[in-house]
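> Got a predicted structure here, sequence first:
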Amino acid sequence: MKKLLALIAIAVLAVNVQAGEYPDISIGDLEKAIKAGKVVVIDVNGAKSFTKRGHIPGAVAFKGAKDLAKQLEKSDKDVLVVAYCGGPTCSAYKRGASVAADLGFKNVKHLSAGLGGWIKAGKKLEKN
């Protein structure tokens, strides 16, 4: 029984450490930041989803580290950066968030609701 409890405690700790890598941001707070023009939003769902399905308004498509570095080169390192992918079970957002953090951005967050949560909340998508 002690071994089982220890195993469960380790599993919970591992999930919390992984989940806490980048703080979560709510859809409402992201929407406010977008309206204020004080955020860089990174869509890590892939080019096909970005253009055909759509993306959060103002988001940039993550195509790789070099491309993102070029897109963010003139941005203030203190600006809010939010990465997202499909939804709560998707971890692809980490690619964009990690690149932003490696580039020196200090305020990197994760929209865990993802594109699916954005749509479910009735928010509009942008297509281009």
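That came through fine. Just so you know, these numbers come straight off a predicted model, no measurement behind them.
> wait, isn't residue 119 in contact with residue 86?
No - counting by C-beta atoms under 8 Å, residue 119 stays clear of residue 86, with 10.4 Å between them. Bear in mind the C-beta positions are built from the backbone N, C-alpha and C, glycine included.
> Compare neighbour counts for the two and give me the winner.
A count of neighbours by other C-beta atoms under 10 Å puts residue 86 above the other of residue 119 and residue 86, at 19 against 16.
> and the more buried one, how far is that from residue 64?
19 Å (C-beta to C-beta, to the nearest Å).
> now swap in residue 89 and tell me
Remark: distance between residue 89 and residue 64 (C-beta to C-beta) = 23 Å.
> Likewise for residue 97?
Computed with C-beta to C-beta, the distance linking residue 97 and residue 64 is 14 Å.
> Looking at these two, which one has more neighbours?
Neighbours were counted for residue 97 and for residue 64 using other C-beta under 10 Å; residue 97 has more, 23 against 11.
> my read is that one is in a strand, agree?
No - using DSSP: H, G, I helix; E, B strand; the rest coil, the assignment for residue 97 is helix, not a strand.
> what's the closest non-adjacent residue to it?
Nearest residue to residue 97, sequence neighbours excluded (C-beta to C-beta, 6 or more residues apart in numbering): residue 83, at 4.1 Å.
> For the one you found, pull up the helix or strand it's in.
strand 80-84 (DSSP states H and E).
> Just checking: what are the partner strands of that strand?
Note on strand 80-84: by DSSP bridges, its sheet partners are strand 39-43 (parallel), strand 107-110 (parallel).
> ok, residue 113 - how many residues close by?
21.
> Sorry, wrong one. I was asking about residue 125.
Using other C-beta under 10 Å, residue 125 has 13 neighbouring residues.
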